[in-house]
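Engineer: generate a structure from the sequence data that follows.
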Amino acid sequence: MSIIDKIFGTSDAPRDKPAKADHQMQKVLDELASLGGKPIESLTAEEARRQPTPTDAVKSLLKKAGQDPDADMGVKTTDITIPGPAGAIKARVYKPHTHSEDKLHPVVVYFHGGGWVIADLDVYDGGPRGVSMMADVIVVSCHYRQAPENKFPAAHEDALAAYKWVVENAQSFNGDPRKIAVMGESAGGNLAINVAIAARDQGLQAPLHQVLVYPVAGNDMETSSYVENADAKPLNKAMMKWFVDNTFTSPDETADTRINVVEADLIGLPSATLILAEIDPLRSEGELLAERLEQCGVDVRHKTFNGSTHEFFGMGSVVPDAAAAQTFAAHELKRAFGTAILPI
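Structural biologist: Prediction:
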């Protein structure tokens, strides 16, 4: 058992009824509901992108508590663009204020979620900001072409292009080109592991580690977690079907192992950290991915956070489990980069 397992514990208990969100998690869900958003599956992609997000709910709660919803948490950001296969890719570089400009620092290439259809760098700010601070790393958060305007595999092509650019240009922003990891949430977690697979297959520099936060890893919508969380918030089965309808020319394309990653060749991939949420349709495929990675000889650490929902990871300022998850990710990144301070 790893030290992380000892700290955070694990739970494989059977779930015979839908789980309930923890108190602080439920406050976010209630606040999100109060913002009056419409069901995404009833909207066009353009309309869905204008709906209130969990990030909006977190900021609303912070404001009500008299806290600055836009506090930088000791991390400064710079917006840049990266050359992509079909035009410029928007990206945001996160650096702790404490970073010295006369030395190189480890880098995490991060991809946001949103089902490859919605969300952007602003919606997914909490995760990369928290990881930058806690792991003492530079995070490069990368956008990508979204569907339905740009169908699969446009996002995957952009993600790989962004990774290649960071490897080649890390030193331009004081990044250490020898110490680069990949990370992503949800659809972005899928992009992150696909970058690792492509790096292996194309003979590119491999990332030292991959942090996969509730990644899209399969195409089976009849798993136990899909059944348990068919009507969950903020992600449910109807929304996942809507993402599929918008992203793919045909649902049959989801059999591609870039989407159905649990059936991909996973041998020779870098060490991985998987962070999952109990109240999430994607939980089962995430747990299966952890198993498949282990079976392929990959060093894997994973934790399913009970009482938390999809999207919780970036909510560290209001949800204790999110802060714990970010701490877990930071610990594993430091371990991979060789920057962890070990007890004497």
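Engineer: model confidence over stretch 213-226, on average?
Structural biologist: Averaged across stretch 213-226, pLDDT comes to 98.
Engineer: tell me how far that stretch lies from the chain's centre.
Structural biologist: 15 Å (C-alpha atoms, centre = their mean, to the nearest Å).
Engineer: just the CA coordinates of that stretch, formatted as PDB?
Structural biologist: Extracted as PDB, the C-alpha positions of stretch 213-226 are listed here (Å, rounded to 0.1, in the frame of the first residue of the first chain):
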ATOM      1  CA  VAL A 213      -8.800  13.000 -13.800                       C
ATOM      2  CA  TYR A 214     -12.100  11.200 -14.500                       C
ATOM      3  CA  PRO A 215     -11.100  10.600 -18.100                       C
ATOM      4  CA  VAL A 216     -13.300   9.500 -20.900                       C
ATOM      5  CA  ALA A 217     -11.800   6.000 -21.400                       C
ATOM      6  CA  GLY A 218     -14.600   3.800 -22.900                       C
ATOM      7  CA  ASN A 219     -17.700   3.900 -25.000                       C
ATOM      8  CA  ASP A 220     -20.000   1.600 -23.000                       C
ATOM      9  CA  MET A 221     -22.900   3.600 -21.600                       C
ATOM     10  CA  GLU A 222     -24.300   0.600 -19.700                       C
ATOM     11  CA  THR A 223     -21.600   0.300 -17.000                       C
ATOM     12  CA  SER A 224     -22.600   0.300 -13.300                       C
ATOM     13  CA  SER A 225     -21.600   4.000 -12.900                       C
ATOM     14  CA  TYR A 226     -23.700   5.000 -15.900                       C
END
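Engineer: which strands and helices sit next to the strand or helix carrying Arg129?
Structural biologist: Under the criterion of DSSP states H and E, Arg129 resides in helix 126-135. Identification of packing neighbours for helix 126-135 by 3 or more C-beta pairs under 8 Å, 6 or more residues apart in numbering; DSSP states H and E yields strand 75-84, strand 87-96, strand 105-111, strand 138-142, strand 175-185, helix 320-337. The way it works is simple: take the backbone N, C-alpha and C, and place the C-beta from them, glycine included.
Engineer: now with 6 Å?
Structural biologist: On a contact count with 3 or more C-beta pairs under 6 Å, 6 or more residues apart in numbering; DSSP states H and E, helix 126-135 meets strand 75-84, strand 87-96, strand 138-142, helix 320-337.
Engineer: any chance of those in JSON lines, plus mean neighbour count, distance to Thr53 and mean pLDDT?
Structural biologist: JSON lines is the format used below for these (neighbours: other C-beta atoms under 10 Å; distance: least, C-beta to C-beta, whole Å; pLDDT from 0 to 100):
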{"stretch": "strand 75-84", "mean neighbour count": "15", "distance to Thr53": "19", "mean pLDDT": "98"}
{"stretch": "strand 87-96", "mean neighbour count": "18", "distance to Thr53": "17", "mean pLDDT": "98"}
{"stretch": "strand 138-142", "mean neighbour count": "28", "distance to Thr53": "16", "mean pLDDT": "98"}
{"stretch": "helix 320-337", "mean neighbour count": "22", "distance to Thr53": "15", "mean pLDDT": "98"}
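Engineer: and of the ones you listed, who's closest to Gly36?
Structural biologist: helix 320-337 (23.9 Å; C-beta to C-beta).
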